[in-house]
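1. Take a look and give me a structure for this.
(chains A and B)
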Protein chains: 2
Amino acid sequence: MTSIAQSIAKYAPILKWAPRYNRAAFADDFLAAVIVTIMLIPQSLAYALIAGLPPEAGLYASMAPLVLYTIFGTSTALAVGPVAVISLMTAATVGDFAARGTAEYGTVALALAFLVGLILLTLGVLRLGFLANFLSHPIISGFITASGVLIAASQLKHILGVDAGGDNLVEIGMSLAAHLPATHWPTCFIGVGVIAFLFWTRSNLKPLLAAFGLSDRTAALFARAAPLLAIIATIILVSVFGLDAAGVSIVGKTPRGLPAIALPDFDWTLWRALIGPALLIAVIGYVESVSVAQTLAARRRERIDLDQELIALGASNVAAGVAGGFPVTGGFARSVVNFDAGARTPAAGAFTAIGIAVAAMFFTPLLFNLPKATLAATIIVAVLSLIDIDAIRRTYAYSKADFFAMATTILGVFGFGVEAGVMAGVILSIILLIHRASRPHSAVVGQVPGTEHFRNILRHDVITSPRVVSVRIDGDLFFANARFIEDRLTAMAPEGSSVRHVVLMCSAINSIDSSALDALNAANRRLRENGVLLHLTEVKGPVMDALKRSAFLSELSGEVYLSQFEAMNALDPERFFQNGAAISRTQPAS
Amino acid sequence: MTSIAQSIAKYAPILKWAPRYNRAAFADDFLAAVIVTIMLIPQSLAYALIAGLPPEAGLYASMAPLVLYTIFGTSTALAVGPVAVISLMTAATVGDFAARGTAEYGTVALALAFLVGLILLTLGVLRLGFLANFLSHPIISGFITASGVLIAASQLKHILGVDAGGDNLVEIGMSLAAHLPATHWPTCFIGVGVIAFLFWTRSNLKPLLAAFGLSDRTAALFARAAPLLAIIATIILVSVFGLDAAGVSIVGKTPRGLPAIALPDFDWTLWRALIGPALLIAVIGYVESVSVAQTLAARRRERIDLDQELIALGASNVAAGVAGGFPVTGGFARSVVNFDAGARTPAAGAFTAIGIAVAAMFFTPLLFNLPKATLAATIIVAVLSLIDIDAIRRTYAYSKADFFAMATTILGVFGFGVEAGVMAGVILSIILLIHRASRPHSAVVGQVPGTEHFRNILRHDVITSPRVVSVRIDGDLFFANARFIEDRLTAMAPEGSSVRHVVLMCSAINSIDSSALDALNAANRRLRENGVLLHLTEVKGPVMDALKRSAFLSELSGEVYLSQFEAMNALDPERFFQNGAAISRTQPAS
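-> The predicted model follows:
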C-alpha cells in the first residue's frame, strides 16, 4: 500500500473490514437492517416533529448519514440518525433564526447539520476529542433527564390537539393550562390511546409473543415494532372515519422520493451565529454516541477509536447537511436493537439506509392520514425512558458539589432552555474545579522516628524542629493554586517565629506552571526578606528540567535536595540525623 | 461590643485602626497625600481621556472612592482611583452602548462603575475571591502588555492632532496611517516635546535634584511631579501664543466644584448587557489591586485580607458610580509613591481625596488651555512601563503552553479588543488545563525487592506478576480524566492476557467525583465480564467515606486493601510474599 492509500485507510476503517466481508456477515447484517428499519421509520418521523421539521426530513436524516458512518465508523453496532435530545437542541437553535414551517427553517437546519459535521471533522483531524471531557457525567445525566421532561411537555399540545407554545417548561406549562379548555377530544383520544397501547406493549407484548411460541429474542425484537403498529392502526382509523375532517391534525402531504443533494447556502453571518450552538450539539452528540458505542463494544470485547468516531460522526452530519436532514448522532435504543438483532459490521447501517430509502420512495403517500398525536405519543413514551430520577438520587447521596452542578443544569434547561442549561452546568463545574484546585491538599510533615519517612504531623507521631519546617503540597502547582502556594509557604515562618528554613516537599508535584513559578519566586523573595531560606526536596525529573529553564534556581535562597531526609538532616542534623541514621542506607526515601 | 457592632467592625477595618490614630501618623499620611495629589491630578485627567470621558470625571473618580477605601481597605499603602487598563476596558465597554461625548456615555460609565462595585461586594460577602484564580499570570501579564500597546497607539492621534479612530490595533494603525498627511504640526510639537521631557526626567531629573542637595528619596518623589510641570508649561504655552486658535486641541471648559451625588439610572436591559464586561473589569481590577497591595504589605510584613479587599474595592466602585466617576482600582505607580512618601494608614487616601476636591473646586478653570496632546504624552510615557517584553521571553522559555495562552491573549487584545483578548486567554487556559488533566500521570508499579515499596516499573528494577497487575494514578479522579481511568484500567487486562487481578493504587488520590465513580464502576463491570477482578489499595479516609455513600463498594468485584503490599501479597503470595516478608512488620507501607 502506498502511503497516500494508507492515510486514506487510516480515516476509512471500511477498507479494513470490507475485503473480509462474506455471505454469513451479510445475512446477519441484512436481518438486523430490516428490523432497525421498521423501528427507525416511526422514530425518524417523530424526531423530525421534535426538531420542528417536516416528516421527510427525518427520513432523509436516516439515509446518507448511515452510509457515511458505514464508511468511517469503528463501532459494529452503532446506528446513527436523528435522536430526541439532539432534535430538541436543533429546534431550540434553528428557532432563533427562522420560524417553524418556513423554507428558511429547513435551510438553517441543513446549515446547522453541516456545521456540526465540520466541527466534528475538525476536532477529529486535530485529535481534540478530549474536549468532550468538559461535560461531566452529572451534567450529561441531568441534561438528558431535563431534555426528556422538556420534550414530553412540548409534545402534550399534539396529544391535546391544541395550539400551545413556549420555549421553556414554565412557558409550556402555562400555555398548556391556558389552552386546556380547547382540548380536541378525538385527537386526545388517539394520543392517549397510543400512549396506553405503547406502555402496554412494553410489559405485555413480549410475554404474549413468547407464549405464542416465539423465542425470547425474537419476541423482544417484534415488540419493538409496536410504534409502527400504532402508526398503521391510527392511519386506518383516520382514513376510515374521516377524522381529519373532524379536526384531527394529520401529517398531510409528504414528498415521495429521495432528497436533493446540495451544499447548504454559505451565509457567513448565519454560520458565525450558529458556531456556538453547533459546537454544543457536536460535543453532546459525540459524548452520547461514544457512550453507546463503548457500552456495546465492551460486550464483544471490541474497541472504539475515539478520534475516528469524531471523523465518522462528522462525515455523517455533513451528509445530513447536504442531503436534506438535520443534526444526527448515534442513538441508544436503535443501536441496542441493531446489536440484539445480530448486526456484525457497520454494513448493517448502509442496508438500513436502503430500507429507509425504499420507504421514502414508495410509502410516504401512506403517511398522509397519520395523526400528529400518534407521533407525539411515541415520542412521549420514548423520552420518558431518558428521565433518570435514580441518577439524581445517587448523585445527591455521593457528592453535593456534583448534585449542585446537576441541579443547575436541570433547572437551567427547564427555565432557560437546553443550551443555557448545559452551559450553566459546564461553567459551574469549572468554577467548582478551580475552587477545589485553589486549595490543594497540603500537610506539614515531620519525621517518623527511626525511618526516613516524613508524614503529616496531624496524623502521625513525628519528629519536628523549631528551626526547620517542611510542607508537602499534594498536587500540581498551577494558576488556580498559585496564590495559595505563596501564602502557604510564607505563612510557615510567621513574624517572631524561630523558623529559619522552609522546606517544600515536591514528591506529589508533577508540574509547575508559570503562575506557580511566579508564586514560588514571590514566596522565596518574601521569606528571604525576613531572613528565612526556602528549600525544595524530591523534585521530579521533568519538573526539575522545567525549573532549569527559568531563573528560579539561581534566585532560590536555599538548596534543592534529592530526598526529604537528606534536606532535614542537613538543615537540622542534631534533631533528624541520629533518628534516621540507623536505617539511612537500607531503603530508598519515601 | 454587641454582635451587630462586631459584624460592622468586621467589614470596616477603619474601626480597628482609627481609635489608635495619632498626630505622628497624621503628619506622615498628610505629607504622602500632598505628594500623591500632585501626581494624581494629571493622571486623573489622562485616564479620563483614555476612558473617553471629560477630565472632571477623572477627578471625581479620585475622590469618593478613596474615602470609601479608607473606611473598608486593609492595605496601608494602596491608592485607588482610575488606572490605565481599567480605563481602556471602560472605554471599550461603554463605547458599545453610547457615542463618546454624549451625556449617555457618561451615564453608562456611571452604571458600569456601580455594577462593578456591586459585583465586587457580592463576591466579597460570598467569599468568592478565588474566582480571580481563573486569571493565570501569563494571561494577566500578556493582557497588561497588550493593553499598554493599545493605549499608547490610541493616544497617538492626539499627538498628531488628527481625527483617527479604530477599536483594535489594526484599525488604529490603518486609521493613523491614513490621517498621517493631516498631521497638525503645532500639536505634534507639543506632544513630542512633552514625551521627550518626560523621558528625560525619568533618567535625569532625579540625579539632577540629588546634585542640588535633595535626599535620594525626596529627589525621586519630586521627579514624579514632572507630568504636572509639563501640564503647567504647556498651558502657559497655549495661553501666551494663542495656540488654540491655531488648531491645537485643548481640554476646554471643565466644570468647577464637586460632583453631584446620585444613584445611576436603573435600566434593566442596559445592566444585563453590562454584567459580563463588569465582571471582567471587577476581576481584573481586583487582581491588579491585590497584587500591588500584597507586594507593598510584604515589605512591611503586613497582611492583606483578600475577601475584605473585595468589599473595599466594591465600595470604592459603588462610590465612583454615585459620585460622577468611572471604574477604579488600586494603581501600581501611585501606590508605590504613597508607600515611598511614608503613608502609614489608609487615612492618607482620604487626605488625597480632599486634595483632589480642592483642585476640582478651585483649579479646573486653569485647565481650559491644557492641550490634549500633553495628556496623551503623559499617558504614552506612563503605559510604556506596562509593556513587559521580558515576561514574554521568560514565559516562552519556561512553558510553551503558558506562552501559547499569553500569545493568544496579546493577539486577541490587538485584533479583537480587551474583553475578547482576555476571554480567549481564560478559555484557552481552561482548555489546556482540562487537556492536561484528561491524561493524569500514571504508572504501572511493581515491588522493590526486599521492601514493601511499589514503584514505577519503567524506572525501577521491580518484581511483577503475570496474574496481578497494579497501576497507580497520580492525581484526583474527576470528570476530565474519567474516560482515561476507564480505558487505563480495562487496558491493563487485554484480551488473551493471563491477568486475573487489576489493582488500583490510590495513594495519590484525594478525591473521586461522580464522573470518576461512574468510570470506576464501568471499568469494574467491563473487567468482571472478562473474568478479571478489580481491587483498590491505600484508599485515603475521606475518599473511602465518599465511596461508602455509593453502591460501588458492594459492586466491586475485588477487595479494598489497606496497603499495596497486603494486596499484592494476598493476590499472588508466591511472588510477592517471600520478598517482602523479611521486613513486613518493621515499617509502614509507602
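2. buried set for the helix or strand hosting A:Thr490?
-> Following DSSP states H and E, one finds A:Thr490 within helix A:482-491. By neighbour count, with 16 or more other Cβ atoms under 10 Å in any protein chain shown as the criterion, the buried positions of helix A:482-491 are A:Ala482, A:Arg483, A:Phe484, A:Ile485, A:Glu486, A:Asp487, A:Arg488, A:Leu489, A:Thr490. The way it works is simple: take the backbone N, C-alpha and C, and place the C-beta from them, glycine included.
3. who's in contact with the first one?
-> Contacts of A:Ala482 were listed using Cβ atoms under 8 Å, 6 or more residues apart in numbering or on different chains, and they are A:Ser515, A:Ala516, A:Asp518, A:Ala519, B:Asn133, B:Ser136, B:His137.
4. same deal with the fourth one?
-> A:Ile485 sits next to A:Ile473, A:Leu477, A:Ala516, A:Ala519, A:Leu520, A:Ala523 when contact means Cβ under 8 Å, 6+ apart.
5. which residue sits closest to it in space, ignoring its chain neighbours?
-> For A:Ile485, the nearest residue in space outside its immediate sequence neighbours is A:Ala519; the separation is 4.4 Å by Cβ to Cβ, 6 or more residues apart in numbering or on different chains.
6. isn't the one you found right up against A:Phe479?
-> No. Taking contact to mean Cβ atoms under 8 Å, the distance of 9.2 Å between A:Ala519 and A:Phe479 leaves them out of contact.
7. what helix or strand is A:Leu198 on?
-> Assessed by DSSP H and E, A:Leu198 sits inside helix A:185-211.
8. before we move on, the earlier item: downstream neighbour of the helix holding A:Thr490 in the secondary structure list?
-> Sequence-wise, the next helix or strand beyond helix A:482-491 is strand A:501-505, with elements assigned using DSSP H and E.
9. Okay, now the sheet partners of that following strand, with direction.
-> Neighbouring strands of strand A:501-505 in its sheet, by DSSP bridges, are strand A:468-474 (parallel), strand A:533-537 (parallel).
10. For chain B, what's the nearest residue on the stretch 1-150 of chain A?
-> Of the residues in the stretch 1-150 of chain A, the one nearest chain B is A:Ser136, at a distance of 3.4 Å by Cβ to the nearest Cβ.
11. residues contacting that residue?
-> For A:Ser136, the set of contacting residues under the criterion of Cβ under 8 Å, 6+ apart consists of A:Asp402, A:Ala405, A:Gly425, A:Ser429, B:Phe478, B:Phe479, B:Ala482, B:Asp513, B:Ser514, B:Ser515.
12. Leaving out sequence neighbours, find the closest residue to it.
-> Excluding the flanking residues, the one nearest A:Ser136 by Cβ to Cβ, 6+ apart is B:Phe479, at 3.4 Å.
13. I'd guessed that neighbour sits against B:Ala516; true?
-> Yes. Look at B:Phe479 against B:Ala516 with Cβ under 8 Å: they come within range, at 7.1 Å.
14. tell me the mean pLDDT for stretch A:483-491?
-> Stretch A:483-491 shows a mean pLDDT of 92.
15. before we move on, what about stretch A:220-232?
-> The predicted model gives stretch A:220-232 an average pLDDT of 83.
16. Pull out the buried residues from that stretch.
-> So stretch A:220-232, judged by 16+ other Cβ under 10 Å, has buried residues A:Ala220, A:Leu221, A:Phe222, A:Ala223, A:Arg224, A:Ala225, A:Ala226, A:Pro227, A:Leu228, A:Leu229, A:Ala230, A:Ile231.
17. go on, stretch A:395-414?
-> Buried, per 16+ other Cβ under 10 Å, within stretch A:395-414: A:395-396, A:398-399, A:401-414.
18. Among the residues you listed, which lie within strands?
-> The subset of those located in strands under the criterion DSSP state E is empty.
19. Would you check which of the residues you listed are in contact with chain B?
-> The subset of the buried residues of stretch A:395-414 lying close to chain B, counting by Cβ under 8 Å from any Cβ of the partner chain, consists of A:Thr395, A:Tyr398, A:Ser399, A:Ala401, A:Asp402.
20. of those residues, closest to chain B?
-> Set against chain B, the nearest of those by Cβ to the nearest Cβ is A:Asp402 (4.0 Å).
21. just checking, that closest one touches A:Pro138?
-> Yes. With contact defined as Cβ under 8 Å, A:Asp402 and A:Pro138 form a contacting pair (4.4 Å).
22. near chain B, which residues of the stretch 51-200 of chain A?
-> With Cβ under 8 Å from any Cβ as the criterion, the stretch 51-200 of chain A comes near chain B at residues A:Phe130, A:Leu131, A:Ala132, A:Asn133, A:Phe134, A:Leu135, A:Ser136, A:His137, A:Pro138.
23. so how far is the helix or strand containing A:Ala359 off the chain centroid?
-> A:Ala359 is part of helix A:347-362 when elements are defined by DSSP H and E. Between the centre of helix A:347-362 and the centre of its host chain there is 28 Å, according to Cα atoms, centre = their mean, to the nearest Å.
24. Then stretch A:76-89?
-> With Cα atoms, centre = their mean as the basis, the mean position of stretch A:76-89 lies at 13 Å from the chain mean.
25. That one: end-to-end distance?
-> Using Cα to Cα, to the nearest Å, the span of stretch A:76-89 from its first residue to its last is 27 Å.
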